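Engineer: next come a sequence and a model predicted from it.
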Amino acid sequence: PKAKCDTTNDESVPLNDHLFPIPDEVEDTMDQLLRSLTDSATIVRWSAAKGIGRLTERLPAICADDVLDAILQICSDAEQDKAWHG
């Protein structure tokens, strides 16, 4: 089974294209990269950010919006202040 990027809120997408198949490997990798944004080592955070950017540019825009929402959620968590300033 493959993960789906839900586009049901995007009215510009035709009804039959509301789900975009995302391979499990991509979703697992993105999850690991997002968790690495809060690592205490600067090189790990920098590498994770670079990987997220490279992976996200290959996703459909609606899926990239989901990634951006996840990043903003990480940065808005006051207890994880190293996620936004190291």
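Structural biologist: Nice, thanks for sending it over.
Engineer: phi first, then psi, for residue 21.
Structural biologist: Here is the backbone geometry of residue 21 (degrees, to the nearest 10): phi -70, psi 130.
Engineer: does it have beta-bridge partners, and which?
Structural biologist: When bridges are called by DSSP bridges, residue 21 pairs up with residue 4.
Engineer: gap between it and residue 54?
Structural biologist: Separation of residue 21 from residue 54 (C-beta to C-beta, to the nearest Å) stands at 20 Å. Backbone N, C-alpha and C define where each C-beta goes, glycine included.
Engineer: export the helix or strand that contains residue 31 to PDB, keeping only CA atoms.
Structural biologist: Following DSSP states H and E, one finds residue 31 within helix 24-36. Taking Å, rounded to 0.1, in the frame of the first residue of the first chain, the C-alpha atoms of helix 24-36 are listed here in PDB:
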ATOM      1  CA  ASP A  24       6.200   4.500   1.600                       C
ATOM      2  CA  GLU A  25       9.900   4.900   1.300                       C
ATOM      3  CA  VAL A  26       9.500   8.600   0.400                       C
ATOM      4  CA  GLU A  27       7.200   9.100   3.300                       C
ATOM      5  CA  ASP A  28       9.500   7.300   5.800                       C
ATOM      6  CA  THR A  29      12.500   9.300   4.500                       C
ATOM      7  CA  MET A  30      10.600  12.600   4.900                       C
ATOM      8  CA  ASP A  31       9.600  11.600   8.400                       C
ATOM      9  CA  GLN A  32      13.200  10.900   9.400                       C
ATOM     10  CA  LEU A  33      14.400  14.200   7.800                       C
ATOM     11  CA  LEU A  34      11.700  16.200   9.600                       C
ATOM     12  CA  ARG A  35      12.700  14.600  12.900                       C
ATOM     13  CA  SER A  36      16.300  15.400  12.200                       C
END
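Engineer: that'll do, ta.
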